[in-house]
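1. this is the structure alone, sequence omitted:
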């Protein structure tokens, strides 16, 4: 079946630290991969996406590369800010549909 | 551009009561989705509409949940009767076009937090 596994949180970092949130997936066909972010009190927002193997999605200093050989889509940022504190969801879109499958989310807490 | 609107933002009911949630998608968006997000889990799709027709309701518990989008714009999701395990955030999302014609971003509303006592 189709599923997404991401690391449990919370991830607690100091400002300007390097961030990695791991995400792996299981899917039939060729899914598209996404990272969504949910800031406190707000709805889910698309952070970045990649639609095929070796694509790199990037936005707001965050990056993730679609690795088909390891079925992974890890989220990275070189220097986090307090304002990055949120819950991050990895998701896949089943091939030839627009159905999203989400991971359980990882809470990031950044302290000054 | 106005985003996806949902109401109410919070609702507390007792088990076996009924509840309804309302969603107004972004203007011009043909596809509308309802998701259920249980605490500690990712959102799970309940139902997808394309205009006023149902595309996918395979994960909707039809014995107690119902949804409609009569005029292809606003949508309501109803639970009757509610159970304790229905406590969750109910998210509405919309996209310009669905059915994998091309990738179209899903825009999410703020959600309705339901507590069933």
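-> Sure thing, it's come through. Since this is a predicted model, take the numbers as computed values, not measurements.
2. tell me what residue 45 is bridged to.
-> I went with chain A, as the question did not name one. residue A:37 (DSSP bridges).
3. right idea, wrong chain: chain B
-> Judged by DSSP bridges, the bridge partners of residue B:45 are residue B:35.
4. what's the burial count for it?
-> Summarising burial for residue B:45: neighbours were counted as other CB atoms under 10 Å in any protein chain shown, giving 21. For every residue, glycine as well, the C-beta is placed using N, CA and C.
5. test my guess that it contacts residue B:57.
-> No - applying CB atoms under 8 Å as the test, residue B:45 and residue B:57 come out as separate, 9.3 Å apart.
6. how about the closest residue to chain A within chain B, what does it touch?
-> When distances are taken as CB to the nearest CB, chain B reaches nearest to chain A at residue B:42, 3.0 Å away. Contacts here follow CB atoms under 8 Å, 6 or more residues apart in numbering or on different chains; on that basis residue B:42 touches A:4, A:89, A:91, A:101-105.
7. give me the subset of those residues that also touch chain B.
-> The residues of those that also fall near chain B, by CB under 8 Å from any CB of the partner chain, are A:4, A:89, A:91, A:101-105.
8. number of nearby residues for residue 28?
-> The chain I'm using is chain A. Taking other CB under 10 Å as the criterion, the count of residues near residue A:28 is 9.
9. switch to chain B, please.
-> Neighbours of residue B:28 under the rule other CB under 10 Å: 10.
10. spell out which residues of chain B are next to chain A.
-> If contact is defined as CB under 8 Å from any CB, the residues of chain B in contact with chain A are B:3-4, B:31, B:40-45, B:48, B:56, B:91, B:93, B:95, B:98-100, B:103-106, B:108-111.
11. can you map out the strands along chain A?
-> Per DSSP state E, chain A has strands spanning A:3-6, A:11-14, A:19-21, A:23-26, A:32-38, A:44-50, A:56-59, A:62-65, A:75-77, A:86-93, A:100-102, A:106-111. These are given in chain order.
12. re earlier: kindly write the ChimeraX command that selects the buried subset of the residues of chain B next to chain A.
-> Selection of buried members from those for ChimeraX, criterion 16 or more other CB atoms under 10 Å in any protein chain shown:
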select /B:3,4,31,42,43,44,45,48,56,91,93,95,98,104,106,108,109,110,111
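13. distance of the most centrally placed residue in chain B from residue B:22?
-> Note on chain B: the residue nearest the mean C-alpha position is residue B:34, at 2.5 Å, using CA atoms, centre = their mean. When distances are taken as CB to CB, to the nearest Å, residue B:34 and residue B:22 turn out to be 11 Å apart.
14. what is in contact with these two at once?
-> Counting by CB under 8 Å, 6+ apart, the contacts common to residue B:34 and residue B:22 are residue B:75.
15. quick one: pLDDT of residue 99?
-> Went with chain A since none was named. Turning to residue A:99, the model gives it a pLDDT of 85.
16. that was the other one, I meant chain B.
-> On the pLDDT scale, residue B:99 is placed at 56.
17. for the closest residue to residue B:11 other than its chain neighbours, give me its contacts.
-> Leaving aside its chain neighbours, residue B:11 sits nearest to residue B:114 (5.1 Å; criterion: CB to CB, 6 or more residues apart in numbering or on different chains). Under the criterion of CB under 8 Å, 6+ apart, the neighbours of residue B:114 are B:11-13, B:19, B:21, B:79, B:82, B:86-90.
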